[in-house]
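Q: my questions are about this predicted structure, shown below with the sequence.
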Amino acid sequence: MSELDLSLARPILEGVSDTGANGLKLSVQPLRGMVTLRADLSNPTVAAAVKGAVGSDMPDVRKATDSVLWMSTDELLLLMPYGEGGAVAAKLDEALAGEHHLAVDVSDARSLFKLEGGAAREVIAKGAPVDLARDKFTVGDLRRTRISHIAAAFWQSDAEPDVFEIICFRSYANYMWEWLEESSREGSMPGIL
């Protein structure tokens, strides 16, 4: 097997960032390794395999850790440095031999965005049917839903200021970026932006 040439991998919109109203920072994140794991998430063998593969515990329902996102009742998305997805998928396959599962390197299938600042939750709320009130959606909370017309997942990864990360299919990255830019412009929401 030949060595992966990372110089050929480029995120769509590489290096793009913007500052919206009220100091809101928007950015396209560098490529990340990503592995989709489909399995019985209540199985302790699965939890041990995930911990062994990425060093993180299983998240609760609709939660995110630093490297594991709960995507559905039988699906996780594991995050790692770019170029490590194949090795992590193989490690999961080895640890889960004999268990019903699917581990697939999907590193090049998705794009990752970050919103930082006090208006971040208001921008996301414009397009996502989710209660983003500060007492309802906090650090570690994750939703897999739609933002505008795009299938996406987002989670709050930090507070003070609010930091949200959004992931969507790479084929929609340009649309997502344009939507985020437009939704964060001065005057785009009465009284807030």
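A: Nice, I can see it.
Q: correct me if wrong: Pro59 contacts Met71.
A: No: look at Pro59 against Met71 with C-beta atoms under 8 Å: they stay out of range, at 9.9 Å. Heads up, the C-betas are built off the backbone N, CA and C, glycines and all.
Q: quick one: low-confidence parts of this protein?
A: Residue ranges of the chain with pLDDT under 70: 1-22, 189-193.
Q: helices of that one, residue ranges please.
A: With DSSP state H as the criterion, the chain has helices at 44-54, 85-95, 120-125, 173-183.
Q: ok, which of those helices comes nearest Phe113?
A: Of all the helices of the chain, it is helix 173-183 that lies closest to Phe113, at 6.5 Å by C-beta to C-beta.
Q: buried residues, the closest one. List them.
A: Residues Ala173, Met176, Trp177, Trp179, Leu180, Ser183 are the ones in helix 173-183 that count as buried (16 or more other C-beta atoms under 10 Å).
Q: can you check stretch 50-70 too?
A: Buried residues in stretch 50-70 (16+ other C-beta under 10 Å): 50, 53-54, 56, 58-59, 62, 64-65, 67-70.
Q: farthest pair within those?
A: That would be Ala53 and Arg62, which, of those, are the farthest apart (C-beta to C-beta) at 21.5 Å.
Q: what's the local residue count around Glu165?
A: When counting by other C-beta atoms under 10 Å, one arrives at 20 neighbours for Glu165.
Q: out of the buried residues of stretch 50-70, which are inside strands?
A: Val68, Leu69, Trp70 (DSSP state E).
Q: touching, the first one and Met80? I think so.
A: No: using C-beta under 8 Å, Val68 is not in contact with Met80; the gap is 10.1 Å.
Q: now for those two: what residues contact both?
A: Val54 (C-beta atoms under 8 Å, 6 or more residues apart in numbering).
Q: so can I have TSV of the buried residues of helix 173-183 showing distance to Ala95?
A: As requested, these are exported to TSV (distance: C-beta to C-beta, whole Å):
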residue	distance to Ala95
Ala173	32
Met176	34
Trp177	37
Trp179	39
Leu180	37
Ser183	41
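Q: strands along the chain, start to end?
A: Under DSSP E, the chain gives strands at 17-19, 25-28, 32-39, 68-72, 75-81, 101-105, 110-116, 142-147, 150-158, 163-169.
Q: just the CA atoms of the longest one, as CSV, please.
A: These are the backbone C-alpha positions of strand 150-158, laid out as CSV (Å, rounded to 0.1, in the frame of the first residue of the first chain):
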residue,chain,number,x,y,z
ILE,A,150,-28.3,21.3,4.1
ALA,A,151,-28.1,18.1,6.1
ALA,A,152,-25.6,19.0,8.9
ALA,A,153,-24.6,18.4,12.4
PHE,A,154,-23.4,21.0,14.9
TRP,A,155,-22.2,21.1,18.4
GLN,A,156,-21.1,23.6,21.0
SER,A,157,-17.5,23.0,21.7
ASP,A,158,-16.8,26.0,24.1
